[in-house]
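**Student:** the sequence and its predicted three-dimensional model are supplied below.
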Amino acid sequence: MANNDDTLRRAVQKAQALAEGGPPPDFPNTWSAAVARAAERRRRHGFVVATAAAAAIAAVAFGLLRSPELEWQYVDSGELLGSTSWSAPSDSLLPEHQFDIYQEYPLLIESTDTYGGTLL
């Protein structure tokens with residue numbers, strides 16, 4: 001039985017070594033690799049931020065340089081002002097006039113007398 005245990009132990013150790021790819025790296029190598037990855041990520045982040053800032057500046061410059069007359073070149077202002085009307089967006093949601101809440105109050109039907117006690 002001891003022979004089978006030793007064989008199994010060696011097979012597991014060999015398979016584990018193949019799965020792990022060798023011994024673990026030492027601390028200085030791991031630390032320097034982490035520092036290099038962080039520097040690369042920081043450089044990439046700076047590049048993305050610089051590109052976004054340049055795009056924003058270009059968009060603002062393009063918006064300021066555009067001529068406002070070109071926007072209204074094909075619009076007849078007289079026809080536009082004469083054919084449009086405005087209504088509040090909530091007008092269609094309001095119910096039709098049933099009573100004036102400032103002058104007329106609807107009759108409220110009470111379920112108990114005023115001084116009749118609590119409703120159980």
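**Tutor:** Structure received.
**Student:** could you tell me how far residue 44 is located from residue 35?
**Tutor:** For residue 44, the distance to residue 35 (CB to CB, to the nearest Å) stands at 15 Å. The way it works is simple: take the backbone N, C-alpha and C, and place the C-beta from them, glycine included.
**Student:** swap in residue 81?
**Tutor:** Relative to residue 35, residue 81 is positioned 66 Å away (CB to CB).
**Student:** same check on residue 41?
**Tutor:** Distance from residue 41 to residue 35, counting by CB to CB: 11 Å.
**Student:** phi, psi for the most centrally placed residue in the chain please.
**Tutor:** Centre of the chain computed as the mean C-alpha position; nearest residue by CA atoms, centre = their mean is residue 52, 18.0 Å away. Here is the backbone geometry of residue 52 (degrees, to the nearest 10): phi -70, psi -40.
**Student:** quick one: pLDDT of it?
**Tutor:** On the pLDDT scale, residue 52 is placed at 95.
**Student:** likewise for the one 10 residues further on?
**Tutor:** Each residue has a pLDDT score; the one for residue 62 is 83.
**Student:** now do the same for it: helix, strand or coil?
**Tutor:** The three-state label given to residue 62 by DSSP: H, G, I helix; E, B strand; the rest coil is helix.
**Student:** count the residues that sit near it.
**Tutor:** Applying other CB atoms under 10 Å, we find 9 residues neighbouring residue 62.
**Student:** no more questions from me, cheers.
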